[in-house]
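**Q** predicted model and sequence follow; I will ask about them next.
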Amino acid sequence: MNIYTGRGDDGQTDLRTMDRVSKASHRIEAYGTVDELNAVVGTTRPAAYDDLETKLREIQNHLHVVQADFANPDPDEDDPKIEAEHVERLESWIDEYDEELEPLTSFILPSGGDLGSSLHYARTICRRAERRAVALAGEEEINEIAVTYLNRLSDALFVFGRVANARDDVPEESPTY
């Protein structure tokens, strides 16, 4: 398999169905931004904490499934897709880690130690991926659970960033107005 084919030189790319579409299409923007998110999550690994490492690896696999889901405008029953159980897993992790944290009383600045800051950065890309997915859903039918997954993932990444900072003894900072 060649790394380069030249097929994209004209600004078009192939979907999983082998249909050709513009690289600027909402579908390509959606799964391309999920790919970017996956790469940024990858920069947080290996994480300093084994429990976070395990979850981040699983999230990367989920994100790969989201990409496949968005790349396929005509999925078959056996094609990979994000399902409600993936969202529920994120929710259980959020609940688990939220118990480790002091309750929020104000907004916080997305900063901290290396891991915490990287997770906050990943959260912002996740929000952009969600916006791209919503734009795609406005044009074409997609797996709506994938949008929900991205929404919940941004919450999880926020909580993971807070946990990493708390474990690293890095205080949270509130914005001043």
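**A** Looks like it arrived, so ask away. Numbering: from 1, shown residues only.
**Q** contacts only, for the residue nearest to the spatial centre of the chain.
**A** By CA atoms, centre = their mean, the chain has its centre lying nearest to C126, at 4.4 Å. Residues in contact with C126, defined by CB atoms under 8 Å, 6 or more residues apart in numbering, are 37, 150, 153-154, 157. C-beta coordinates here come from the backbone N, C-alpha and C atoms, glycine included.
**Q** ok, residues contacting stretch 48-62?
**A** Contacts of stretch 48-62 (CB under 8 Å, 6+ apart): 38, 41-42, 44-47, 82, 86, 89, 93, 115, 149, 153, 156, 160, 163-164, 167-168.
**Q** farthest pair in the contacts of C126?
**A** L150 and L157 (10.4 Å; CB to CB).
**Q** quick one: contacts of stretch 103-113?
**A** Outside of stretch 103-113, the residues within contact range by CB under 8 Å, 6+ apart are 117, 120-121, 123-124, 161-162, 164-165, 168, 170, 172-175.
**Q** what of stretch 155-167?
**A** For stretch 155-167, the external contacting residues (CB under 8 Å, 6+ apart) are 41, 47-49, 52, 55-56, 59, 90, 93-94, 97-98, 100-102, 108, 110, 112-113, 115-120, 122-123, 126, 171-172.
**Q** buried subset of those residues?
**A** 41, 47, 49, 52, 55-56, 59, 90, 93-94, 97, 108, 110, 112-113, 115-120, 122-123, 126, 172 (16 or more other CB atoms under 10 Å).
**Q** of those residues, which belong to helices?
**A** Per DSSP state H, helices hold the following members of these: 41, 52, 55-56, 59, 90, 93-94, 97, 115-120, 122-123, 126.
**Q** helices along this protein, start to end?
**A** 26-43, 50-71, 84-98, 114-139, 144-167.
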